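In: model the following, please.
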Amino acid sequence: MSMRIQPWPWFAILIRNHSEKSAALLLENAGYECFFPVSSSMRHSSGQLEKLEVPLFPGCLFCRMDPTYRLPVLRTPGVIQIVGADEDLIPADEEEIAALQRVGKAGVSTMPWPYMQVGALATLADGPLRGLSGFMIKIKSGLKLILSVSLLHRSVAVEVERSWLSCANPARNAEFQMSHSRATLFRSR
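Out: Numbers count the residues shown, from 1 in each chain. The predicted structure is shown next:
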């Protein structure tokens, strides 16, 4: 008889700025599973290309842990606190963290974005993020899927291609495609 062990929930850990990587490393070495979402980009430095990683949620990382056994986490250098209300810790939504992990593994362009709770919901029907849902916005540089972490009241914008998008309402999809084509036409003049 096999018994499936459910992993501990994800908790948001507030970290001193610029200490996120070292705190994550210390926690992982202590046996915790950590997730530190970053946005990667390339820049020229001293005539060479350099990979630059910027935290998507500065001063925060996510950690799977037993909420009743929090003292080792709190004693980790760089850790300020675990997000919660008074003595009660509040776990992060599993689906929100899983979506951020998929985006990181897919290697698509991401950036911090103002927190969004309402908007045009869309589900990606194709591409490396197929099945992912979020708020869809259109800006000059293209389409962005907005993923939010409700616990932190923060969001990230993920660059997506128009061909990945599928709307449930075909009329709405045609309207979206037409408005996107018009915007492209006006920019090219």
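In: low pLDDT regions in the protein?
Out: Scanning the chain for pLDDT under 70 picks out 1-6, 42, 166-189.
In: at the geometric centre of it, which residue do we find?
Out: By Cα atoms, centre = their mean, the chain has its centre lying nearest to L100, at 3.6 Å.
In: domain-wise, how is this structure divided?
Out: Per the record, the chain has its domains at 1-92, 105-189, by automatic domain parsing.
In: I'd like those as a markdown table, with mean neighbour count appended.
Out: C-beta here means a position set from N, CA and C on the backbone, and glycine is covered the same way. Below are the domains of the chain laid out as a markdown table (neighbours: other Cβ atoms under 10 Å):
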| stretch | mean neighbour count |
| --- | --- |
| domain 1-92 | 14 |
| domain 105-189 | 15 |
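In: the residue nearest to the centre of the chain contacts P37, correct?
Out: Yes: counting by Cβ atoms under 8 Å, P37 is a contact partner of L100 at 5.1 Å.
In: re the thing from before, where does the residue nearest to the centre of the chain land in three-state SS?
Out: Counting by DSSP: H, G, I helix; E, B strand; the rest coil, the backbone at L100 sits in helix.
In: tell me the contacts of it?
Out: F35, P37, L56, L147, V149, V156 (Cβ atoms under 8 Å, 6 or more residues apart in numbering).
In: same deal with E20?
Out: Per Cβ under 8 Å, 6+ apart, neighbours of E20: F36, P55, P58, G59, C60, L61, G78.
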